[in-house]
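Asks: Got a predicted structure plus its sequence, pasted below:
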Amino acid sequence: MVGTFRNRYGLQAGDIDAATVELAQERVAEKFGTEEWLTRVP
């Protein structure tokens, strides 16, 4: 599956910087890790 994605879209290995990790942690705390989000039924 990864190989297909790589071939179609040019996937390349990379690093995640500290600012991006911090932003992701904030989004988990504020939205994606909340009970409301986790029990949301579309």
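Replies: Thanks, I have it.
Asks: so which strand or helix has the residue of the chain positioned farthest from its centre?
Replies: Centroid-distance maximum for the chain: Asn7 at 21.1 Å, with CA atoms, centre = their mean. Per DSSP states H and E: Asn7 is located in helix 2-9.
Asks: Residues in contact with that helix: which ones?
Replies: Residues outside helix 2-9 that contact it (CB atoms under 8 Å, 6 or more residues apart in numbering) are Leu11. C-beta: built from backbone N, CA, C; applies to glycine.
Asks: I'd like the next helix or strand past it.
Replies: Counting by DSSP H and E, what follows helix 2-9 is helix 18-27.
Asks: so for that following helix, what's the average pLDDT?
Replies: Taken as a whole, helix 18-27 has an average pLDDT of 98.
Asks: Keeping just the C-alphas, turn that helix into CSV.
Replies: In CSV, the C-alpha atoms belonging to helix 18-27 read as follows (Å, rounded to 0.1, in the frame of the first residue of the first chain):
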residue,chain,number,x,y,z
ALA,A,18,9.4,19.9,17.3
ALA,A,19,6.9,22.7,16.4
THR,A,20,4.8,20.2,14.4
VAL,A,21,4.7,17.7,17.2
GLU,A,22,3.7,20.4,19.7
LEU,A,23,0.9,21.6,17.4
ALA,A,24,-0.3,18.0,17.1
GLN,A,25,-0.3,17.5,20.8
GLU,A,26,-2.3,20.8,21.3
ARG,A,27,-4.9,19.6,18.8
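Asks: How far does that helix sit from its chain's centre?
Replies: Centre-to-centre, helix 18-27 and its host chain are 10 Å apart (CA atoms, centre = their mean, to the nearest Å).
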